[in-house]
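1. Sharing a model that was predicted from the sequence below.
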Amino acid sequence: MRAEEMLQTLVAHGYRLTEPRQALLEVIACRPGWFSVRELSEDLGQKKIRVGRATIFRTLNLLVDLGLLERVRGANEVEGYVVTGAGEHHHHLICSRCGRVEELPECPVAERLAELAAERQFQVVSHNLEVYGVCIQCLRQESLEQEK
Ligand SMILES: [Zn+2]
Ligand SMILES: [Zn+2]
């Protein structure tokens, strides 16, 4: 999702586009994968954009409420965010090294889960599954470093 789409969604819901908010959205939209508040702050620092911590947290919460961001735990259980992609229900492959996030196009567990739940007469409302590992780029990087 691009910054413009995020901005439009905010406006459509009656939110004002303050300057810090706008700057924040642009930085968020540029991020390729998973990020924590710390990484976001570092990005802002590099671009010399000054946004208070309270504004950062308020904006992140707002974006989650509007469905533009998802709260996803990264490696080591660190609280973080991912820009929401297309489709309603999906799962993520999250690289523990670089934070890259890939979306799985379909749910790999829904059917089996429904079966197992039905056996226990349990009615499933929702489920959540994040997959952690190492992405192809990081694996390649690693094997290059080993060859040296
Ligand atoms: Zn990686
Ligand atoms: Zn699923």
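-> Now that the structure is in, tell me what you want to look at. Ligands and ions are numbered 1, 2, ... in the order given.
2. Run a quick neighbour tally on Ile10.
-> Quick fix: residue 10 is Leu, not Ile. 20 (other C-beta atoms under 10 Å). C-beta here means a position set from N, CA and C on the backbone, and glycine is covered the same way.
3. show me the contacts for the spatially closest residue to Val37 that is not a sequence neighbour.
-> Excluding the flanking residues, the one nearest Val37 by C-beta to C-beta, 6 or more residues apart in numbering is Ile56, at 6.2 Å. Taking C-beta atoms under 8 Å, 6 or more residues apart in numbering, we find Ile56 in contact with Leu24, Val37, Leu40, Ser41, Leu44.
4. For the buried ones among those residues, write the corresponding PyMOL selection.
-> To isolate the buried ones among the contacts of Ile56 in PyMOL, judged by 16 or more other C-beta atoms under 10 Å, type:
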select buried, resi 24+40+44
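5. Switch the contacts of Ile56 over to TSV; also include pLDDT, secondary structure and distance to ligand 1.
-> Compiled in TSV, the contacts of Ile56 are given as follows (pLDDT from 0 to 100; DSSP: H, G, I helix; E, B strand; the rest coil; distance: C-beta to the ion, whole Å):
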residue	pLDDT	secondary structure	distance to ligand 1
Leu24	91	helix	25
Val37	93	helix	20
Leu40	92	helix	19
Ser41	92	helix	21
Leu44	91	helix	23
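6. Good, we can wrap up now.
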